[in-house]
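Engineer: only geometry, no sequence info:
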Ligand SMILES: Cc1cc2nc3c(=O)[nH]c(=O)nc-3n(C[C@H](O)[C@@H](O)[C@H](O)COP(=O)(O)OP(=O)(O)OC[C@H]3O[C@@H](n4cnc5c(N)ncnc54)[C@H](O)[C@@H]3O)c2cc1C
């Protein structure tokens, strides 16, 4: 990719997960000129992450739970109308006042380019919720998504004896994958209490149309039972132990509000601790583009505000999938298709524009998919306040800038008037590093909330600036003629 690759498209899509692929294929079918950008080297996003082609892989996992995935990947691989930019990171959105188009800054290895688009769809997915507890920076502490990524894309198992702690259903799938790979799983601990009968019955409304997914979870739970793995409820991580690497985890029983019960601490030996308390929406690119966001902790923290056709508050920018609320692959795919139909209503040639009935049909399917995702959210919502309380004084809250919990709490004690997270960022440097707050913003916000007594949605969020992810200076230098 060089600056000669500055190209004009009708639609630029960032993210080749279910949302981005659904949108790109729908838009291309309406005759729009589409480009897709994704950091990964193949289509599929987080859920349909692929190993290299030379790896022999048995058909299974997500593609069985979400049967539409196989067909989606086949169509994406076969579609030559779309410009696919894999291994390419999107780092900024700009507006060209003269050409009245959006410009997307992208970088691949050390080469940079600007892509021009009449419309932009942000479909950047989500990432594992980071939890700061004593010992979380030790080698051997990993996120559930990280472990799954290694297993799925490289067939690599990062340890031999695992403890899994969290509240997200992904934990069950990862435990199952680990067992299948031959690992020893010492225990799987969910922070929420064991589901009551009434709760399970209420969950039945999610079953129609989602039997495959339910079966995948049930199979995983059965596999754990068969291998004698304890599946605990009302149990939470307190600390990871070890000198240079993890050698075990301290777990503690908790009440319904995830408050530790005195005298219930236990030590479990393990060389890898897997944390899966939830997902955060990847909104940095959308926020950098100026999109308004709302705070919904059970949907992924600060999520992008959208109307009924996935339009954000910024002209020309649509958002589909998890940046607009974590809700699973099916919902993401439908939202991508809906956004593309809405974009095609104005940008496609008159004969190829969709009718209202086509949008209505996708919106009906979205309402049905919500029945499943709403139940999952109710069941597995993370208790963000309880998680933020885990950090002891010397626990690093911001890993990039090495800021401890004590430093943040001390600053808040000395400055009781502070009432927004950006002020904490300016004073303590939390969120100033490479990850731009992806690791620490939610913990800092909860600490501020605790100190001020104000809810997190009144405390604001970090300002997102380009580049939203680290980009090489060489690739930026190549843009000197094109970046205005
Ligand atoms: C690590 C992880 C593992 C998961 N595993 C499962 C699972 O096994 N089963 C399940 O049901 N759900 C799983 N989920 C939930 C999952 O996110 C799905 O619900 C689904 O993949 C959402 O689809 P999406 O299109 O919204 O996002 P994604 O599938 O996450 O796709 C987003 C894509 O955007 C790309 N991207 C993000 N930012 C940029 C950027 N700046 N530049 C270029 N590309 C970018 C990413 O590389 C990614 O491919 C997982 C989530 C995570 C974070």
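Structural biologist: All right, it came through fine. It should be emphasised that the depicted structure is a prediction, and the values quoted were computed from it without experimental measurement. Residues are numbered from 1 along each chain as shown.
Engineer: Show me which residues of this structure are close to the ligand?
Structural biologist: Residues of the chain lying near the ligand by CB under 6 Å from any ligand atom: 14-20, 37-40, 45-47, 62, 89-90, 123-128, 145, 148-149, 170, 173, 279, 282, 285, 321-322, 328-329, 332, 469. C-betas here are computed from N, CA, C, even on glycine.
Engineer: Quick one: buried ones out of those residues?
Structural biologist: 14-20, 37-40, 45-47, 62, 89-90, 123-128, 145, 148-149, 170, 173, 279, 282, 285, 321-322, 328-329, 332, 469 (16 or more other CB atoms under 10 Å).
Engineer: and those residues, which of them are in strands?
Structural biologist: Per DSSP state E, strands hold the following members of these: 14, 37, 38, 89, 90, 126, 127, 128, 279.
Engineer: beta partners of the closest residue to the fifth one other than its chain neighbours?
Structural biologist: Nearest residue to residue 90 in three dimensions, chain neighbours excluded: residue 14, at 4.5 Å (CB to CB, 6 or more residues apart in numbering). The residues paired with residue 14 through beta bridges, assigned by DSSP bridges, are residue 37, residue 122.
Engineer: Residue 14 touches residue 92, doesn't it?
Structural biologist: No - if you go by CB atoms under 8 Å, residue 14 and residue 92 don't touch, sitting 10.9 Å apart.
Engineer: what's next to the helix or strand that contains residue 449, contact-wise?
Structural biologist: Residue 449 is part of helix 441-452, with elements assigned from DSSP states H and E. With contacts defined as CB atoms under 8 Å, 6 or more residues apart in numbering, helix 441-452 is touched by 129-132, 280, 301, 384-385, 387-389, 391, 397-398, 405, 408-409, 412-413, 416, 418-421, 424-425, 428, 430-431, 437, 454-456, 459, 461-462.
Engineer: Now with 6 Å, please.
Structural biologist: 132, 301, 384-385, 388, 397, 408, 412, 419, 421, 424, 430-431, 456, 459, 462 (CB atoms under 6 Å, 6 or more residues apart in numbering).
Engineer: secondary structure element for residue 408?
Structural biologist: Using DSSP H and E, residue 408 sits within helix 405-414.
Engineer: list the helices and strands that helix packs on?
Structural biologist: helix 421-428 (3 or more CB pairs under 6 Å, 6 or more residues apart in numbering; DSSP states H and E).
Engineer: now the angle between helix 441-452 and the helix it packs on, please.
Structural biologist: Orientation of helix 421-428 against helix 441-452 (axes from the mean of the first three to the mean of the last three CA atoms, to 10 degrees) gives an angle of 100 degrees.
Engineer: and helix 421-428, what other elements does it pack with?
Structural biologist: Using 3+ CB pairs under 6 Å, 6+ apart: helix 421-428 touches helix 405-414, helix 441-452.
Engineer: Could you single out the most deeply buried of the ones you listed?
Structural biologist: helix 441-452 (a mean of 22; mean count of other CB atoms under 10 Å).
Engineer: Now residue 187. Nearest residue, chain neighbours left out?
Structural biologist: With CB to CB, 6+ apart as the criterion, residue 187 has its nearest non-adjacent residue at 4.5 Å, and that residue is residue 230.
Engineer: now residue 395: how far from the ligand?
Structural biologist: Between residue 395 and the ligand the computed distance is 23 Å (CB to the nearest ligand atom, to the nearest Å).
Engineer: that older thread, pLDDT (mean, whole number) over the helix or strand following the helix holding residue 449?
Structural biologist: Per DSSP H and E, helix 441-452 leads on to helix 473-477 as the next helix or strand towards the C-terminus. Across helix 473-477, pLDDT averages out at 89.
Engineer: what does helix 473-477 rub up against?
Structural biologist: 107, 110, 111, 112.
Engineer: Listing request: residues of the stretch 51-200 of the chain with sub-threshold pLDDT.
Structural biologist: 54-65 (pLDDT under 70).
Engineer: could you show me where the helices are in it, in order?
Structural biologist: 62-65, 68-78, 144-154, 170-180, 197-202 (DSSP state H, counting those that start in this stretch).
Engineer: Among those, show me which one is buried the most.
Structural biologist: Compared across the helices of the stretch 51-200 of the chain, helix 170-180 shows the largest average neighbour count, a mean of 23 (mean count of other CB under 10 Å).
Engineer: Output the contacting helices and strands for that helix.
Structural biologist: Contacts defined by 3+ CB pairs under 6 Å, 6+ apart place helix 170-180 against helix 144-154, strand 161-166, strand 184-190, helix 211-226.
Engineer: That one to helix 211-226, inter-axis angle?
Structural biologist: 60 degrees.
Engineer: Hmm, residue 249 and residue 239 touching each other?
Structural biologist: No - shown here, residue 239 and residue 249 do not form a contact pair, counting by CB atoms under 6 Å, at 7.3 Å.
Engineer: Looking at these two, which has the bigger crowd around it?
Structural biologist: The neighbour comparison of residue 239 against residue 249 (other CB atoms under 10 Å) goes to residue 249, with 31 against 20.
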